[in-house]
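Undergrad: A structural model of the following input is requested.
(2 chains)
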There are 2 protein chains.
Amino acid sequence: MENCRISTGLWFSEKYSEDAVFSIRAVRQHCAVQSKYQSIEVYESPEFGRFLIIDGIMMLTERDEFIYHEMITHVPMAVHPNVKNVLVIGGGDGGTLRELSRYKGIESIDIVEIDEEVIKVCKEFIPKTACGFNDPRVNVYIEDGIKFVAGCKDKYDLIIVDSTDPIGPPGEGLFTLEFYKNCHDALRADGIMVNQHGGPFYEVDIGQMKRSHERIYKVFPISLVYQANIPTYASGIWMFGFASKKYHPIRDMRKDWEGFEIKTDYYNPSLHIGAFCLPTYVERMLKECES
Amino acid sequence: MENCRISTGLWFSEKYSEDAVFSIRAVRQHCAVQSKYQSIEVYESPEFGRFLIIDGIMMLTERDEFIYHEMITHVPMAVHPNVKNVLVIGGGDGGTLRELSRYKGIESIDIVEIDEEVIKVCKEFIPKTACGFNDPRVNVYIEDGIKFVAGCKDKYDLIIVDSTDPIGPPGEGLFTLEFYKNCHDALRADGIMVNQHGGPFYEVDIGQMKRSHERIYKVFPISLVYQANIPTYASGIWMFGFASKKYHPIRDMRKDWEGFEIKTDYYNPSLHIGAFCLPTYVERMLKECES
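TA: Down below sits the predicted model:
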């Protein structure tokens, strides 16, 4: 009888909308800090491993972060024929750096993260992603990415905007027309910008997706959107923007990507093509932003 | 101060695993019946419209059922060049019938649903899917689909196994080697069988996916798996089996599908191809079952 009163554990719950909630059971809180910008928490879950929460929103779990990080990195890397200099904006967990570090041809990886606490927390509690910081080609700038990129011209082959959602600072400014224009100008003449783009299902995510697409579409001659299934993100379908000055994500795909012999668990060249084949309802929403 | 005690509503929660729960807010229970086979409930949610729960598991919501029903129907219909006779096993909500009824060339649609109560409940409370029963080409058999199909030889061009999950009767028998063999024999020499196939992320769904694939792969010369993103299903990624005696789902795609002028919100011919481009971790799991 006493067992009836045993707790089922600590539950982290995220509201996808007023009517939809996803909850993950945690067995331990590793850390909870309030930085100058946001609250940062790390928990342990038997199913998902460690997971990172920023301002109450799920950023990553050890179980499925590979999907986000592979898709934000390998899609552009499998298109651009000669990436030497990369800029990552945000991405303080290090997962994008980890995927970039698999490419021997890259010469430098600049990362601009506004919140040093995110990096510190991830290095201490989520080394599986933060190992990306160990690559000697990585240069860390603790700065505002918006200002940083405004000061760069014709400098990068690839910019990855690995941001939190655009709800309040610091994420907000990473979704403006001006920011995208500055990214455009910071890229070389054949540069590519990839960003996390929101989701197509819940209202708040749709707003983000449409605003991003509308603005990026105005700035880049090639502006397409691709998808991945990320189980711990709202609705399980998440979008990325592929914005490019020269290369088309499908027509200009490298034929030799498999020659890099990079071990992936989500990305593969066939899926690369499939990721740009969007559901009709998503295509319609994007079309609405292209006028 | 009194407002602090206002309830946030009625929450339906489904456990995806011991550590993951998805909850939908309902504002009204339309119906809760216990049939001979299972419990059947219908609720109303502001975000998802009406939703159907069978034995505690989310079957469909009005908001996103179009994804499941379009993908289980239009993928085979866009491959087989001449579908005249169709068998639907399960599918008592009528959504698959609704999608099939868009094809003028189909002559007969037999549906075998073991539980008459499911049909009754859906006709009364979810007419948006149950409208599929209105097509005069539909013949309803309230019978055990396993026995029904065992008595058919060389009779159908397409069999759609639109079942609940294989947890206890009546779903269980729809995932056996014998059942798949009987479906094979009930199909004409160029027939196609499509089934819901489980998911690739949570353990219980993976088990279902692997067992289905292992068995279907033994029975049909062409056995491939395709995906769709269904926000209210576990992990948001769900799989379908495409089993075929003759036609390959990509190489033999009809060039004229768009000529049918069928309005879809998820399916389109480009997405058809993309749906067969699977994540590496899913491909690996399926490969393990093919030896």
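Undergrad: where does residue A:267 sit: helix, strand or coil?
TA: Put simply, residue A:267 is coil when judged by DSSP: H, G, I helix; E, B strand; the rest coil.
Undergrad: would you confirm that it contacts residue A:69?
TA: No: Residue A:267 sits out of contact with residue A:69 when judged by CB atoms under 8 Å, with a separation of 9.6 Å. C-beta coordinates here come from the backbone N, C-alpha and C atoms, glycine included.
Undergrad: could I get stretch A:267-278 in CSV with only the CA atoms?
TA: The C-alpha trace of stretch A:267-278 is given here as CSV (Å, rounded to 0.1, in the frame of the first residue of the first chain):
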residue,chain,number,x,y,z
TYR,A,267,21.7,12.6,-42.6
ASN,A,268,22.5,10.8,-45.8
PRO,A,269,22.5,12.1,-49.4
SER,A,270,19.2,10.5,-50.3
LEU,A,271,17.6,12.1,-47.2
HIS,A,272,19.2,15.4,-48.2
ILE,A,273,17.0,15.4,-51.3
GLY,A,274,13.9,14.2,-49.4
ALA,A,275,14.3,16.9,-46.8
PHE,A,276,13.4,19.5,-49.4
CYS,A,277,10.2,17.7,-50.5
LEU,A,278,7.8,19.4,-48.2
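Undergrad: list the buried residues of that stretch.
TA: A:267, A:268, A:271, A:272, A:273, A:274, A:275, A:276, A:277, A:278 (16 or more other CB atoms under 10 Å in any protein chain shown).
Undergrad: now, which of those lie close to chain B?
TA: Contacts with chain B within the buried residues of stretch A:267-278, counted by CB under 8 Å from any CB of the partner chain: A:267, A:268, A:271, A:272, A:273, A:274, A:275, A:276, A:277, A:278.
Undergrad: ok, the closest residue to residue A:254 other than its chain neighbours - contacts?
TA: Spatial nearest neighbour of residue A:254, chain neighbours left out: residue A:78 (5.4 Å); criterion: CB to CB, 6 or more residues apart in numbering or on different chains. By CB atoms under 8 Å, 6 or more residues apart in numbering or on different chains, the contact list for residue A:78 reads A:253, A:254, A:257, A:267, A:269, A:272.
Undergrad: can you check the pLDDT for residue A:78?
TA: If you check residue A:78, the pLDDT there is 98.
Undergrad: get me the contact residues on the stretch 1-150 of chain A for chain B.
TA: So the stretch 1-150 of chain A meets chain B at A:11, A:17-25, A:45-48, A:64, A:67 (CB under 8 Å from any CB).
Undergrad: which ones among those map onto helices?
TA: Of these, the ones assigned to helices by DSSP state H are residue A:67.
Undergrad: ok, back up a step: which of the ones next to chain B among the buried residues of stretch A:267-278 lies closest to residue B:32?
TA: When those are compared for distance to residue B:32 (CB to CB), residue A:278 wins out at 37.7 Å.
Undergrad: what about that closest one, which SS state?
TA: coil.
Undergrad: hmm, it is touching residue A:224, no?
TA: No: using CB under 8 Å, residue A:278 makes no contact with residue A:224, being 9.2 Å away.
Undergrad: that older thread, which pair in the buried residues of stretch A:267-278 spans the largest distance?
TA: Comparing all pairs in the buried residues of stretch A:267-278 by CB to CB, the longest separation belongs to A:268 and A:278, at 18.5 Å.
Undergrad: what about the strands in the stretch 51-200 of chain A?
TA: Secondary structure of the stretch 51-200 of chain A (DSSP state E, counting those that start in this stretch): strands at A:57-61, A:85-90, A:108-112, A:138-141, A:156-162, A:187-196.
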